[in-house]
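J.: Sequence and predicted structure below; questions after.
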Amino acid sequence: MNVFGFLDFTSFSDNFDSNIGLKDVICGLEWVKENIYEFGGNADNVTLFGQSAGAMLIACLNKVSSAQHLSHKMIIESACIESLFTQQETTAISQKYLDLLGEYQLIR
């Protein structure tokens, strides 16, 4: 997922989507639900565990309606709550990343 999963360019253009990293995780969890039986698991008893940034990811998943049916328990350890940002902050962070790339700048 790297940086592209969590940068938010929606302030710059409607051509971008937000929370792509979360959507990738949801796709992975859907795959697990469909295939866990093949690995000896139980699709009705899935526990997610995350530490630090992973804990915050799981905490966010807990609030996404399309992910509610994909897990049954969550272990959240040392969540990095400082990584939740306002729209203005995400725009500034995304612009900083573009500035690091050099010539690339999205026009609002």
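T.: Perfect, I can see it now. Worth saying up front: this structure is predicted, and the values here are computed from it rather than measured.

J.: Could you use CA atoms for every contact and neighbour count after this?
T.: Noted.

J.: where along this protein do the strands fall?
T.: Using DSSP state E, the strands of the chain run over 47-51, 73-77.

J.: Quickly note the distance from residue 11 to residue 43.
T.: Distance of residue 11 to residue 43, given as C-alpha to C-alpha, to the nearest Å: 38 Å.

J.: Then residue 33?
T.: 5 Å.

J.: follow-up on the earlier one: let me have the strands of the chain in TSV, extended by distance to residue 57.
T.: Shown next, in TSV, are the strands of the chain (distance: least, C-alpha to C-alpha, whole Å):
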stretch	distance to residue 57
strand 47-51	8
strand 73-77	9
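
J.: Please tabulate the ones you listed in JSON lines and include mean pLDDT and mean neighbour count as additional columns.
T.: Listed next are the strands of the chain as JSON lines, based on pLDDT from 0 to 100; neighbours: other C-alpha atoms under 10 Å:
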{"stretch": "strand 47-51", "mean pLDDT": "95", "mean neighbour count": "15"}
{"stretch": "strand 73-77", "mean pLDDT": "96", "mean neighbour count": "15"}
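
J.: What residues sit buried inside the helix or strand of the chain with the lowest mean pLDDT?
T.: For the chain, counting by mean pLDDT, DSSP states H and E, helix 87-101 ranks last in confidence among helices and strands (a mean of 89). Going by neighbour count (16 or more other C-alpha atoms under 10 Å), the buried part of helix 87-101 is 90, 91, 93, 94, 95.

J.: Please apply the same query to stretch 8-17.
T.: 8, 9, 10, 11.

J.: Contact partners for the spatially most central residue of the chain?
T.: Centroid-nearest residue in the chain: residue 22, 2.6 Å away (criterion: C-alpha atoms, centre = their mean). Shown in contact with residue 22 (C-alpha atoms under 8 Å, 6 or more residues apart in numbering): 5, 57, 61.
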